[in-house]
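>>> When you get a sec, could you give me coordinates for this:
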Amino acid sequence: MPPLLPKHGDPKKCDCGCTLEQRKDDTEAVVRDRLTVYKNETQPLIGFYKKLGILRDFEVKKGLDDLPKLEAMLKKELKL
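Residues are numbered from 1 along each chain as shown. Next up, the predicted model:
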């Protein structure tokens, strides 16, 4: 889903006129650390579960509108 951006062009103002603030944990250093943790701890699990043949991919295209399709896939996989 595309990000929601201010429509009037000022990146520090919301459409309602209030001022947007950057989160303290939304810095380049924090993002780099999160990516390192992902690479070292999460990414290896993809190969592990793929080898076991139990990894399933699901691409979200419509947000919550994709939920019924995801539920159907899970029910089929779990034989419910």
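
>>> distance from the centroid: which residue in the chain tops it?
Ranked by distance from the centre of the chain (C-alpha atoms, centre = their mean), the top residue is Gly17, with 27.6 Å.

>>> In three-state terms, how would it be classified?
Recorded secondary structure, Gly17: coil (DSSP: H, G, I helix; E, B strand; the rest coil).

>>> Need phi/psi at it.
According to degrees, to the nearest 10, the main-chain angles of Gly17 amount to phi 100, psi -10.

>>> out of all of them, which helix in the protein is the longest?
helix 67-78 (DSSP state H).

>>> which other helices and strands contact that helix?
Using 3 or more C-beta pairs under 8 Å, 6 or more residues apart in numbering; DSSP states H and E as the contact criterion, no helix or strand is in contact with helix 67-78. From N, CA and C alone the C-beta is placed, and that goes for glycine too.

>>> Residues in contact with that helix: which ones?
Helix 67-78 is contacted by residues 56, 58, 80 when judged by C-beta atoms under 8 Å, 6 or more residues apart in numbering.

>>> what stretches of the protein score poorly on pLDDT?
Regions of the chain meeting the criterion pLDDT under 70 cover residues 1-15.

>>> run the last query once more with 90
Flagging of the chain using pLDDT under 90 yields the residue ranges 1-26, 54, 61-63, 78, 80.

>>> All the helices of it, residue numbers only.
Along the chain, the segments classed as helices by DSSP H run 28-37, 43-52, 67-78.

>>> As a markdown table, these with mean neighbour count would be great.
Output for the helices of the chain, formatted as a markdown table (neighbours: other C-beta atoms under 10 Å):
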| stretch | mean neighbour count |
| --- | --- |
| helix 28-37 | 10 |
| helix 43-52 | 10 |
| helix 67-78 | 11 |
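
>>> Reformat those helices as JSON lines; add distance to Gln22.
Written out in JSON lines, the entries for those read as follows (distance: least, C-beta to C-beta, whole Å):
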{"stretch": "helix 28-37", "distance to Gln22": "11"}
{"stretch": "helix 43-52", "distance to Gln22": "27"}
{"stretch": "helix 67-78", "distance to Gln22": "31"}
